[in-house]
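K.L.:
Quick one, fold the following:
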Amino acid sequence: MVDIGKFFHENGYYFGKGIYSPDEVKLMEHDFDRVVDQLVKSDENINARWGGRLMDALDGGESVIIHTHNIQSFSGVWLKAFQQDKFLDITEKILGPDIMLHHSKLFCKPPEKGSPFPMHQDWQYFPSAKDSMMAAIIYVSEATDEMGCVRVYPGSHKELGRTDGMMGGGQNEEITKRYPIEKATVLEAEPGDVLFFSYFTLHGSMPNRSNKTRKSVLVQMHAGDDHIEDQNRHTNVKLVLRGWNHLATRSSVSRII
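P.N.:
Have a look, this model is predicted:
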C-alpha cells in the first residue's frame with residue numbers, strides 16, 4: 001500500500017483514482033455545466049488563455065479556456081465535494097489535520113481549441129509562509145493526452161523550490177528549456193480521479209485537440225498553521241475544510257482578502 005504522504009513529498013504529486021463515485025460525479029458535472037452555461041451567458045471575459053511566447057508555441061496564438069474562480073460560490077454541490085471524506089482524507093495525509101481552502105478554479109477546455117498551459121510553478125501567484133500550499137485537480141470528465149491532460153515533472157518541487165519567472169509566460173528560458181513539456185510525465189485521468197500536487201511542482205498541459213470537452217476543478221489548499229504572505233492580492237476565501245485555522249483573528253476573518 002502506498003504511503004501517500006511519503007510519495008507526495010518525494011515526487012511532488014499524488015494521483016488519487018476513483019475518489020468520487022459515479023453518482024457524485026454525475027451531480028458535480030451537472031453543476032459544472034450549469035456554471036459554464038451561466039458564465040457563457042454573462043457579459044464578462046471568461047477566456048483565461050495565457051499570453052506569451054510559450055503559449056503561442058503550443059497553440060499557434062489562439063485557443064480558449066473557460067474559467068472562473070470559486071465554483072463553490074455558484075454551487076452547493078461543489079462545496080460539498082470539497083468536504084467529501086475521501087478527498088480530505090488524502091489531503092490530510094499531505095497537509096496534516098488542519099486544511100484551509102484558499103480558492104478554487106473551474107477549467108473548461110473546449111473541443112479542438114482548448115488552451116494549453118506551458119510548464120510552470122504556482123507559488124508566485126499566492127506564496128504561503130511555510131510553503132504548504134498545494135493543489136488538487138478534481139476531474140468530472142476524462143482527461144486523455146489528446147484532450148490536454150496535465151503533465152508533471154516528478155521531483156521538480158525539490159529541485160527548483162522557489163524559482164522566479166516560472167508563471168508560464170516564458171521569463172525563465174533556462175528552466176523551460178531544461179524541462180520541456182514534451183518530456184514531462186503524462187497523467188491521464190478518469191471522471192472521479194483527483195491529482196494532488198505541490199505549488200513548486202512543474203506542471204502544464206497541451207491543447208485539447210479532441211472532439212470532447214475536458215472538465216476539471218482545481219482546489220488550492222494549505223495547512224491551518226500557514227498563511228499567505230503579506231501584500232498578496234489573490235482571491236483567498238479562508239475557509240476551513242477540516243480541523244482548525246490556527247492563525248485566525250477577528251480582523252483577519254473580516255477582510256475580503
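K.L.:
Next, work out how far apart residue 245 and residue 196 are.
P.N.:
21 Å (C-beta to C-beta, to the nearest Å). In short, each C-beta sits where N, CA and C put it, glycine included.
K.L.:
all helices of the chain, in order?
P.N.:
Applying DSSP state H to the chain gives helices spanning 4-11, 22-40, 53-59, 76-82, 85-95, 156-160, 173-178.
K.L.:
For the fourth one, list every residue counted as buried.
P.N.:
Pointing back at helix 76-82 there. Within helix 76-82, the residues scored as buried using 16 or more other C-beta atoms under 10 Å are 77, 78, 79, 81, 82.
K.L.:
Please apply the same query to stretch 173-193.
P.N.:
Buried, per 16+ other C-beta under 10 Å, within stretch 173-193: 175, 176, 179, 181, 184, 187, 189, 191, 192, 193.
K.L.:
pLDDT on that stretch, on average?
P.N.:
For stretch 173-193, the mean per-residue pLDDT is 95.
K.L.:
could you list every residue that touches residue 114?
P.N.:
63, 64, 65, 147, 148, 207, 208, 213, 214 (C-beta atoms under 8 Å, 6 or more residues apart in numbering).
K.L.:
Tell me the most packed of those, by neighbour count.
P.N.:
Ranked by neighbour count (other C-beta atoms under 10 Å), those have residue 208 at the top, with 28 neighbours.
K.L.:
what is the residue lying closest to that one once chain neighbours are set aside paired to in the beta sheet?
P.N.:
Excluding the flanking residues, the one nearest residue 208 by C-beta to C-beta, 6 or more residues apart in numbering is residue 114, at 2.8 Å. Counting by DSSP bridges, residue 114 forms beta bridges with residue 64, residue 208.
K.L.:
With residue 15 instead?
P.N.:
Under the criterion used (DSSP bridges), residue 15 bridges to residue 195.
K.L.:
coming back round to it: lowest average confidence across the helices of the chain, which one?
P.N.:
Across those, helix 173-178 gives the lowest mean pLDDT, at a mean of 88.
K.L.:
Quick one: neighbours of residue 250, just the number.
P.N.:
6.
K.L.:
Over to it: give its phi and psi.
P.N.:
Residue 250 adopts backbone torsions of phi -60, psi -40, taken as degrees, to the nearest 10.
K.L.:
Return the distance of it relative to residue 104.
P.N.:
26 Å.
K.L.:
same thing with residue 13?
P.N.:
18 Å.
K.L.:
again, but for residue 130
P.N.:
21 Å.
K.L.:
In terms of packing, which of the two has more residues around it?
P.N.:
residue 104 (26 against 10).
K.L.:
one step back: out of the helices of the chain, nearest to residue 124?
P.N.:
Each of the helices of the chain has some distance to residue 124 by C-beta to C-beta; the shortest is helix 156-160, at 11.9 Å.
K.L.:
What is the closest one packed up against?
P.N.:
Here helix 156-160 touches no other helix or strand, going by 3 or more C-beta pairs under 8 Å, 6 or more residues apart in numbering; DSSP states H and E.
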